[in-house]
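# Quick one: sequence and predicted model below, then my questions.
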Amino acid sequence: MLKRFGFFEESSPRVALQDLRELQMMGPLDEEDLVLQYLSEGTMLFEAGGSAYDRFTDGSLPIGPPDVYSDGEWCWSGDVIYYIRNYHIAVESQFFDWMMKHNWKCPRIVSAEALVQSNWQT
């Protein structure tokens, strides 16, 4: 089963904001650009309809679709990149260690369809 990070749109706005505040750091990590590059290189598994909204504001600022991406081990929502870039949220330590282990290069997924079928019930 894929490990998950992000998916703030699945929670109520209040819970999402609380989760984001718990992940927020005072400033960027030294590796923030490497994390952003890794996440940007993920393979899209699902194209989401609609838009995610910035939970740090009043929730009226659209930040883009919460598409789902993966590296074959982890999956994350597209809004994660926005929150890291703008609010310096931290990724889970296991995910961070996984990225570092792969020298900050996101593994390519050969068959996103097969990965989806093995990890999600339709």
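Noted; the coordinates are in hand. Numbering: from 1, shown residues only.
# where do the strands sit along this protein?
For the chain, the strands defined by DSSP state E occupy 3-5, 43-46, 52-53, 62-64, 68-70, 74-77.
# Which neighbouring elements make contact with the fifth one?
So the one you mean is strand 68-70. Judged by 3 or more Cβ pairs under 8 Å, 6 or more residues apart in numbering; DSSP states H and E, strand 68-70 is in contact with strand 43-46, strand 74-77. C-beta here means a position set from N, CA and C on the backbone, and glycine is covered the same way.
# How far off centre is it?
Its chain's C-alpha centre and that of strand 68-70 lie 7 Å apart, by Cα atoms, centre = their mean, to the nearest Å.
# Please apply the same query to stretch 69-81.
Distance, stretch centre to chain centre, for stretch 69-81: 4 Å (Cα atoms, centre = their mean).
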